[in-house]
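Student: one predicted model, sequence on top.
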Amino acid sequence: MAPEDGGIAANANGGSGAAPHPNWRVVDVHKSEERSACSPFCHPLPDESPAGAAATAAPWSRSACQAALDLHERMRMCTDPFIAPILKSTLHDIEMSYRLYGPFCMVGSYNGGKDAVVIFHLMRAVHAHHCSEMQKADDGFMIPRPRVIYFQHSDEFPEILSLLDETVEKIDVDMLAFKEGVSFGEGLKYLVERNIAPRKEGLSFHRPDSESPLPPPHPLAFILGTRKDDPNAGSQGVYAPSSHYMPPFLRVNPILDWTYGQVWHFLRLFELPYCSLYDDGYTSLGNVKDTLPCPALKKSGEKDEYWPAYMLRDWDLERAGRIDKKKEKDKQGTQRGTGQSKPKGAEGDVSKASEVTMSQTSSTVSLPPDQTESTKVTASMSKVWNAVDEIVAANNKETSPIASAQFSSIGQPTVGLIVIGDELLKGMTPDANILAAAKALRFNNISLSRVSIIPDDGQTIVDEILRFRKEVDVIITSGGVGPTHDDVTIKSVAEALCLGMEMHCEMAELLLEKMGSNDTGEEDSDINTKDRRTSLIRQMSEAQRKMSTLPTSSVLQYLTEDADSEEWPVLQCENLFVLPGVPAYFENNINRLAAYLQGASSHLSQPDSVDKSEKEEDIGLNVDPYETKKQLTRPQRSDTYRILLSLEEETIVSALNASVAAHPHVSFGSYPIVDDPECKTIITLEGRFYNGGYAKSSQRLLRKLMPNRTGAGSSNKAEGNNQIQSLFFSKEEMDRNVASALEDLKTSLPEEGIVCIDSCDDLLLAK
């Protein structure tokens, strides 16, 4: 460590001996001068320096600058559909900050976490591009090093320090590390008050002993890795002024709208270095005392092994490995108050720490003492449903790195459809499968909430599946299934779900039965699985071998009860179903699958047997949490009406809006017609279906009634079920609602404008 100078010391690990200006310097604001004559990022010069300069900004090495320029060009030219749009927007946001503040007044926060790593590389890329353009306009401009800060603390992970040491020196940035004990506010105040930017050539001529007054500090902008899901994000935008109790500066949050998946996609796409802890299952890094590997990434088996962070599929569990400090403090206080001693080996014992349950590592929200009674009920129910998720996750942990997806509705699942095919995107053939899926699912009162059409590209399919897993309960894919080179759906499904690929003996035998074999005539009987697979491989063609290689744990779902049926089964992988893309085959399969989903919503998310543990008894969940779903049968569809009007759509807006407001349980649709001489607008009316039925109230109210189902005895359970069922309209009740809405709307429209009213279920007009 070099001698301290104005509160700043050079770090030997930062290359102070190898370079004239060290990359890494430690700042102790408690020992600093009242005010320096130059920015803390500038390096003091001896008195005999040329032209009497007092300090200089360190020039950026040519190799580091060129590498950053190359990275910027790669980012600018990126066409990856998952990251390219938001990446271009992010680069623009940072470039605008540089344009307003300049390179001497832009500071990045670099603490080694994944978000900070993203910011670090985005910043250096934009820094290189912006400064190079400035140098082209003025060859006297010196390109300075990018500037970053870090706050030291004793409980830092060694792996984080290793990453910081390596990247700060390799990329040649100026790092100011605030000494342990310096608060965040103190560090920022120190920088803001002393930010006297140097001249364009990097030199500063202000000396502490000068009689002339120092100029006012230049405004500073800090580039942060805040994302909207972070606990401290609040209502910040991309550009956010500092809070009133902080020194004045601008917060720049360029990745505010990035998702967890996009962060990892970016780092891996551009092959950027990150902390090795993320490969060991950590998904959010605090310090050694409050951070564990993410429980959702634990591999099956007895060994304490975890999947890498980028394989987390439920991005909402990003912070599941963070121990809640308040809860841990309360727990320790309770132990002290009751005289309980700390468990043996708990101090610093990672194996003990890893036993923290999901409830201990989940984010919690503390309610104020003056909360209302209704808020207390909601908070109580939140605990109940969090516990349900834990129990289900525990029972499903052996099947995959993550627990099976839970349905978002009390009744039927929401469905997303991924249609795969270059031929659709190229306009070579019209799509028919989306229409078939929409009709089949709607007939079974299942919500098709998202549709995507993507090319036959493996990584694109993986990314889309990951996105859908956050949005819907069940995923259906169409296309990309077969023996040719562009049939990549199956392999992509395995990758997205973290599953291996293996020969599926049942599928192999089915293919041989349906398509014939290349068998040599040898008979195989009473053979084990390995020999059975060898025998099947010998009999199959290359195409059959590819089509029988499926993700591990795949299930062939036969969706008909007819044992003699010639129908092919549907491939199911967890909550994902793979269907062929040929329209005739797809329509047949989706009709059967929709009916299956309507009756099997509980089966998809519930393990074969739920072990009733003491934990369930403690919180009152000594009943099957899925029983409600099984007992709430699908109501028949309500009556549907269609009004054909000779009126233009814009002339009926007021009447339609009034009817919509007056009948909240009825779904209205309005569709302009442009190619019919008589009919100009079609209005449709039907019962509004949500929360698994024609619900009278919200899903939150449904869940409030759950405590009535958790008491002892079947009578309480029956009472709870009856209360929940009472929150749904019967078909007859909903039909009356729809008829009332129809009559209301009809009386508010000009009689001469109504062509006819019928009960057709589509928008097609008879010719």
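Tutor: Thanks, I have the structure now.

Student: what is the burial count for the spatially closest residue to residue 477 that is not a sequence neighbour?
Tutor: Nearest in space to residue 477, with sequence neighbours left out and distances taken as Cβ to Cβ, 6 or more residues apart in numbering, is residue 418 at 4.8 Å. C-betas here are computed from N, CA, C, even on glycine. Here the neighbour count serves as a burial measure; for residue 418 (other Cβ atoms under 10 Å) it reads 25.

Student: how much space between residue 418 and residue 45?
Tutor: According to Cβ to Cβ, to the nearest Å, residue 418 and residue 45 sit 61 Å apart.

Student: likewise for residue 179?
Tutor: Look at residue 179 and residue 45: by Cβ to Cβ, they are 24 Å apart.

Student: my guess is residue 673 contacts residue 681, does it?
Tutor: Yes. Under the criterion of Cβ atoms under 8 Å, residue 673 lies in contact with residue 681, with a separation of 6.4 Å.

Student: so residue 160 is in which element?
Tutor: Assigned by DSSP states H and E, residue 160 belongs to helix 158-170.

Student: got the angle between the following helix or strand past that helix and helix 158-170?
Tutor: If you walk from helix 158-170 toward the C-terminus, the next helix or strand you reach (DSSP H and E) is strand 174-178. Angle of strand 174-178 versus helix 158-170, following axes from the mean of the first three to the mean of the last three Cα atoms, to 10 degrees, is 150 degrees.

Student: for strand 174-178, what does the pLDDT average out to?
Tutor: In this model, strand 174-178 has a mean pLDDT of 92.

Student: what of stretch 425-434?
Tutor: pLDDT averaged over stretch 425-434 gives 91.

Student: and that stretch, how far apart are its ends?
Tutor: In terms of Cα to Cα, to the nearest Å, the two terminal residues of stretch 425-434 are separated by 14 Å.

Student: give me the phi and psi for the residue nearest to residue 477.
Tutor: Backbone torsions of residue 418, given as degrees, to the nearest 10, read phi -110, psi 110.

Student: what segments of the stretch 451-600 of the chain are strands?
Tutor: Counting by DSSP state E, counting those that start in this stretch, residue ranges of the strands within the stretch 451-600 of the chain are 474-478, 501-503, 549-551, 555-557, 570-573, 576-579.

Student: can you put those in JSON lines and add mean pLDDT?
Tutor: Conversion of those to JSON lines gives the following (pLDDT from 0 to 100):
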{"stretch": "strand 474-478", "mean pLDDT": "95"}
{"stretch": "strand 501-503", "mean pLDDT": "79"}
{"stretch": "strand 549-551", "mean pLDDT": "86"}
{"stretch": "strand 555-557", "mean pLDDT": "88"}
{"stretch": "strand 570-573", "mean pLDDT": "91"}
{"stretch": "strand 576-579", "mean pLDDT": "94"}
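
Student: can I get the ones you listed in TSV including mean neighbour count and distance to residue 446?
Tutor: Supplementary listing: the strands of the stretch 451-600 of the chain in TSV, determined by neighbours: other Cβ atoms under 10 Å; distance: least, Cβ to Cβ, whole Å:
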stretch	mean neighbour count	distance to residue 446
strand 474-478	27	8
strand 501-503	16	30
strand 549-551	21	24
strand 555-557	14	16
strand 570-573	21	15
strand 576-579	24	13
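
Student: could you redo these as TSV and give each row distance to residue 510?
Tutor: Below are the strands of the stretch 451-600 of the chain laid out as TSV (distance: least, Cβ to Cβ, whole Å):
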stretch	distance to residue 510
strand 474-478	20
strand 501-503	12
strand 549-551	11
strand 555-557	8
strand 570-573	11
strand 576-579	15
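
Student: the helix holding residue 160 packs against which elements?
Tutor: In terms of contact count using 3 or more Cβ pairs under 8 Å, 6 or more residues apart in numbering; DSSP states H and E, helix 158-170 is assigned the packing partners strand 24-27.

Student: so what are the sheet partners of the helix or strand just after the strand it packs on and their directions?
Tutor: Scanning forward in sequence from strand 24-27, with DSSP H and E defining helices and strands, the next element found is strand 43-44. The strands beside strand 43-44 in its sheet (DSSP bridges) come out as strand 55-56 (antiparallel).

Student: averaged pLDDT, the partner strand. What do you get?
Tutor: In this model, strand 55-56 carries a mean pLDDT of 78.

Student: so where's the stretch 1-150 of the chain uncertain?
Tutor: For the stretch 1-150 of the chain, the stretches flagged by pLDDT under 70 are 1-20, 32-38, 46-54.

Student: all helices for it, in order.
Tutor: According to DSSP state H, counting those that start in this stretch, the stretch 1-150 of the chain carries its helices in the segments 62-76, 84-101, 114-137.

Student: same question, the stretch 451-600 of the chain
Tutor: Under DSSP H, counting those that start in this stretch, the stretch 451-600 of the chain gives helices at 458-471, 489-496, 505-515, 529-539, 542-547, 583-599.

Student: so can I have a markdown table of these showing distance to residue 657 and mean neighbour count?
Tutor: Formatted as a markdown table, the entries for the helices of the stretch 451-600 of the chain read as follows, by distance: least, Cβ to Cβ, whole Å; neighbours: other Cβ atoms under 10 Å:
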| stretch | distance to residue 657 | mean neighbour count |
| --- | --- | --- |
| helix 458-471 | 29 | 20 |
| helix 489-496 | 43 | 23 |
| helix 505-515 | 54 | 16 |
| helix 529-539 | 63 | 15 |
| helix 542-547 | 53 | 16 |
| helix 583-599 | 33 | 19 |
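
Student: before we move on, back to that, okay, the residue nearest to residue 477 and residue 106: tell me how far apart.
Tutor: Taking Cβ to Cβ as the measure, residue 418 and residue 106 are separated by 41 Å.
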